[in-house]
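1. Return atomic coordinates for the entry below.
(chains A and B)
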Amino acid sequence: MAQSRINKAASIYTRLNGLIKSNLIKWSDRPLWYDIYKAFPPQRDPIYRSVLGNDVVAPLPKKLYYKEDELRAYFFKNISPIETIVLNSNMQQPNWETFISTYYEMEKMGLKKESLIDATIETLLAKGFYFKNNLKKTNNLIEQTNDKNNAESDSVKNEMKTLEGEISKSNLIETANVNVSPDSNNQKL
Amino acid sequence: MLNLTKNLPIIINKLTTPQSQKLLKFTSNIHSTAGNRQNDQNLKTSVVPQKSKIINPLKHEDFFQINELVKLEDLFKARCHYGHHHGLRCPWMNEFIFGTRITTDIIDLDQTIPLMKRALNFIAHIAFRKGVILFITRYAQHIPLIEQSALEVGEYSHCKPWRNGTFTDSTRRFGSVIRLPDLCIFFHTHEKLNEAHGALSETAKMLIPTVAICDSDSDPSQITYPIPANDDSLVSQQLYTRLIKEVIIKAKKKRQELEEQGYVIQYE
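-> From the prediction side, this is the model:
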């Protein structure tokens, strides 16, 4: 079949139209898709274009942020680390999503902003939720070092001071992990 | 331990006749023309048909009821909205992307649905006119799925590494004049990592229309009916194959029923 093989010049439809106009292809010998293309044309004429050419590139897509992102970040940093998700099913809700939904429920109840996080953790623990604790490992390490070095070394003291500071900043440890509370640590020392 | 020797013959049995041999059967023109096909049908029904028995399917807006098939919820559940890392993005895909969420692109499904309907409608019309459809991928994970779906429908697939000149130099490659496909469906537009499939330029050269699923890293400019959606995950590929299979079977059945009832299909 006679045809031009310059695929970058124009779309397939316009090239075929030209061939039909110049009688290189008879009207009865037109390909099968021609009528369908004419009746239901595509959204854009499929012409080749390069970034260096005159064609205008659409503006860059925006960045997506949500209102819940702040809460999510807080959750991963202070309450519990990220967990594995089962991708095969859409039924299981992740741990942090339940936290966020309960948080907004409590907000509707009319609690103050400062006490909202503590309240949500309390309600979730009452329901039987289990949070992996971020600070549990560090506490255990300190206990081991204490056992080895009976005398109180300065480095351990400093570590403990920093730890206490963190704990006082976020009052979560008291509620999230009942066994390891700041008071009990002090007694051991 | 896996016993590979036992498993092998089953795979071979499934793919008995190579697709290239099937293509060799047609020894007429390279392109099947619209005129020839109409004449064939008219010769069978030599009696002049009544005016009420003539049908032109292109005059209907939705001849195959495709609007009911595609749903937004199915696309979301099949994870069709996930794109690639924003560094891999092709600039021509900017208009189809909703936004970037923590360095990954999210595709706008509100734009994909009308495009998908349009592409499926085109596939159905080609199948209705008894055109040859070729399924193409080079993504190793999806090859068995797509080959099997092509066999089920009665169409052809090309999932082996692409040699340059299979369309453009077909007569020398296959030893005789063969019929090229009337439509190519790309389930994945890359042959290797970040390298466009060789068939993309050859279809444009040989005046063959294409339908392709374009992820955020593929170039949709030369494809006639692009569908912006995720092309890497298997769940989404299962959705596309399901939809295309349904559409092709529907069109073929409709053709058979209309011919049995004595209708004559004309395109002018």
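2. how's chain A carved up into domains?
-> Described in terms of automatic domain parsing, the domain architecture of chain A consists of the residue ranges A:1-59, A:67-144, A:147-188.
3. ok, now how distant is residue A:87 from chain B?
-> When distances are taken as C-beta to the nearest C-beta, to the nearest Å, residue A:87 and chain B turn out to be 8 Å apart. All C-beta spots, glycine's among them, are computed from the backbone N, C-alpha and C.
4. count of neighbours near residue B:70?
-> Applying the criterion other C-beta atoms under 10 Å in any protein chain shown, we find 16 residues in the vicinity of residue B:70.
5. ok so, going back, lowest mean pLDDT across the domains of chain A, which one is that?
-> Averaged per stretch, pLDDT over the domains of chain A is lowest on domain A:147-188, reaching a mean of 52.
6. what about the helices in the stretch 151-268 of chain B?
-> When secondary structure is read from DSSP state H, counting those that start in this stretch, the stretch 151-268 of chain B shows helices at B:170-174, B:198-205, B:234-260.
7. so which of those helices is the most packed in?
-> Between the helices of the stretch 151-268 of chain B, helix B:198-205 has the highest mean count of neighbours, a mean of 21, where neighbours are mean count of other C-beta atoms under 10 Å in any protein chain shown.
8. So which residues on the stretch 51-200 of chain B come close to chain A?
-> By the criterion of C-beta under 8 Å from any C-beta of the partner chain, the positions of the stretch 51-200 of chain B lying close to chain A are B:58, B:77, B:91-92, B:94-95, B:97-101, B:105-106, B:114-115, B:118, B:121-122, B:125-126, B:129, B:131, B:168, B:182-183.
9. coming back round to it: residue A:49: which of the helices of the stretch 151-268 of chain B is closest?
-> Nearest of the helices of the stretch 151-268 of chain B to residue A:49, taken as C-beta to C-beta: helix B:198-205 at 12.7 Å.
10. May I see the helices of the stretch 151-268 of chain B organised as TSV, with mean pLDDT and distance to residue A:125 added?
-> Converted to TSV, the helices of the stretch 151-268 of chain B look like this (pLDDT from 0 to 100; distance: least, C-beta to C-beta, whole Å):
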stretch	mean pLDDT	distance to residue A:125
helix B:170-174	90	70
helix B:198-205	93	57
helix B:234-260	93	36
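11. Ok, which of the ones you listed comes nearest residue A:44?
-> Judged by C-beta to C-beta, the one of these that comes nearest to residue A:44 is helix B:198-205, at 14.5 Å.
12. Check the offset of that closest one from the chain's centre.
-> How far helix B:198-205 lies from its chain's middle: 14 Å, per C-alpha atoms, centre = their mean, to the nearest Å.
13. In this structure residue B:85 contacts residue B:102, no?
-> No. Applying C-beta atoms under 8 Å as the test, residue B:85 and residue B:102 come out as separate, 10.3 Å apart.
14. which one of those two has more residues nearby?
-> Neighbours per residue, other C-beta under 10 Å: of residue B:85 and residue B:102, the larger number sits with residue B:85, 12 against 9.
15. In the sheet, which residues pair with that one? Tell me.
-> In this structure, residue B:85 has beta-bridge partners residue B:104, where bridges are defined by DSSP bridges.
16. What separation do you get for it and residue A:76?
-> With distances defined as C-beta to C-beta, to the nearest Å, the gap from residue B:85 to residue A:76 amounts to 21 Å.
17. Touching both of residue B:85 and residue B:102, which residues are there?
-> Shared between the contact lists of residue B:85 and residue B:102 (criterion: C-beta atoms under 8 Å, 6 or more residues apart in numbering or on different chains) there are no residues.
18. out of the helices of the stretch 151-268 of chain B, which comes closest to residue A:113?
-> For the helices of the stretch 151-268 of chain B, proximity to residue A:113 was assessed by C-beta to C-beta; helix B:234-260 is nearest, at 40.7 Å.
19. what's the closest one packed up against?
-> Helices and strands touching helix B:234-260, as assessed by 3 or more C-beta pairs under 8 Å, 6 or more residues apart in numbering or on different chains; DSSP states H and E, comprise helix B:109-128, helix B:143-153.
20. change it to 10 Å
-> Contact partners of helix B:234-260 among helices and strands, from 3 or more C-beta pairs under 10 Å, 6 or more residues apart in numbering or on different chains; DSSP states H and E: helix B:72-77, helix B:109-128, strand B:133-136, helix B:143-153, strand B:183-186, strand B:210-214, strand B:264-265.
21. and the closest residue to chain B within chain A, which of the three is it?
-> Among all residues of chain A, residue A:28 sits closest to chain B, at 3.2 Å; criterion: C-beta to the nearest C-beta. Secondary structure of residue A:28, reduced to three states by DSSP: H, G, I helix; E, B strand; the rest coil: helix.
22. what's around it, how many residues?
-> Here the count is done by other C-beta under 10 Å, and residue A:28 has 11 residues near it.
23. So which residues make contact with stretch A:51-68?
-> A:47-49, A:72, A:75, A:96-97, A:99-101, A:103-104, B:83, B:86, B:89-108, B:216, B:221 (C-beta atoms under 10 Å, 6 or more residues apart in numbering or on different chains).
24. Ends of it, what's the gap?
-> Using C-alpha to C-alpha, to the nearest Å, one end of stretch A:51-68 lies 38 Å from the other.
25. Go through that stretch and flag the buried ones.
-> When neighbours are counted by 16 or more other C-beta atoms under 10 Å in any protein chain shown, the buried residues of stretch A:51-68 are found to be A:61, A:68.
26. And for stretch A:38-47?
-> Of the residues in stretch A:38-47, those scored as buried under the neighbour-count criterion (16+ other C-beta under 10 Å) are A:39, A:42, A:46, A:47.
27. Hmm, residue B:223 and the third one touching each other?
-> Yes. If you go by C-beta atoms under 10 Å, residue A:46 and residue B:223 touch, sitting 6.0 Å apart.
28. what is in contact with those two at once?
-> Any residue near both residue A:46 and residue B:223 by C-beta under 10 Å, 6+ apart counts here, and that gives B:204, B:209, B:210.
29. Go back to those and keep what's next to chain A.
-> Among the shared contacts of residue A:46 and residue B:223, the ones lying close to chain A by the criterion of C-beta under 10 Å from any C-beta of the partner chain are B:204, B:209, B:210.
30. Now do the contacts for the nearest residue to residue B:90 once chain neighbours are set aside.
-> Leaving aside its sequence neighbours, residue B:90 sits nearest to residue B:219 (C-beta to C-beta, 6 or more residues apart in numbering or on different chains; 5.1 Å). The contact partners of residue B:219, by C-beta under 10 Å, 6+ apart, come to A:48, A:49, A:50, B:90, B:91, B:92, B:93, B:189, B:196, B:200, B:212, B:226.
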